[in-house]
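> Sequence and predicted model, in that order:
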Amino acid sequence: MSALVKNNYGYILLLFSLMGGAIANTPGTHEFTFNVTVPKNTCEIAIKGTSNNVVDFGNIPLHKFKKDASDGKLKLPFTVTLSKCKTKNFENNYLTLEGNYTQNDGFLDDPGKTFAVRISKKDNAKPADQDFITNTNKVIWNNIVEDQLSKDFYAYVMCKNNTVNCAVDDNIGKFKATLTLTYIAD
């Protein structure tokens, strides 16, 4: 009985195999292959600030933290440029920005300060604006268009929210915020 079942399956497989060959050779049909490549890096990303991949605020006198940091007046522009893109279809693609987001309402690698670096698309952003990139609002650039592959942003040195004057001795010394841009093809 089991030999008969094996033979029946063998005949059935042979029958399907013969039918498949007949369909492929039928006039009016054509066989074709799809090729897809998923590139590792869809676009190269470059940042132009005070130099390539750097936005350097230089020396900021402590007294500037008294009012200017609270008012959003300590800012530098920078441009993000996409190049050598391996696609012209940017639908649903976007860039994210991540770094050491602190309780100081911005990015800062050095703990113990009462300020942080905040990133916005707005030229005259105020600390209360909802436009800033945060640890939960990481998308810095969406709706990318093929003929507009550069976008301007602003880096602000701002006091922690609800801190009117961050001109305190704890803020003396060097500070750094290291940020990472990631291109997402979704």
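Great, that's in hand.
> what's the domain layout of this structure?
1-32, 44-185 (automatic domain parsing).
> so which of the ones you listed is the most packed in?
With neighbours taken as mean count of other CB atoms under 10 Å, these reach their highest mean count in domain 44-185, at a mean of 15. Where C-beta positions appear, they are placed from N, C-alpha and C, glycine not excepted.
> least reliable of the domains of the chain going by mean pLDDT?
Comparing mean pLDDT across the domains of the chain, the weakest is domain 1-32, with a mean of 48.
> any idea where the helices of this structure begin and end?
Counting by DSSP state H, the chain has helices at residues 2-24, 64-71.
> Can you pull out the residues in contact with stretch 114-125?
Here stretch 114-125 makes contact (CB atoms under 8 Å, 6 or more residues apart in numbering) with 65, 69, 72, 75, 77, 97, 102, 104-108, 127, 129, 131-133, 140, 151-160, 163, 166, 168, 170-171, 175, 177, 179.
> which residues of the protein fall in strands?
Using DSSP state E, the strands found in the chain span residues 44-48, 75-83, 93-99, 101-102, 106-107, 115-120, 139-141, 150-159, 179-185.
> Please identify which of those is closest to Thr29.
Thr29 lies closest to strand 179-185 among the strands of the chain, at 34.5 Å (CB to CB).
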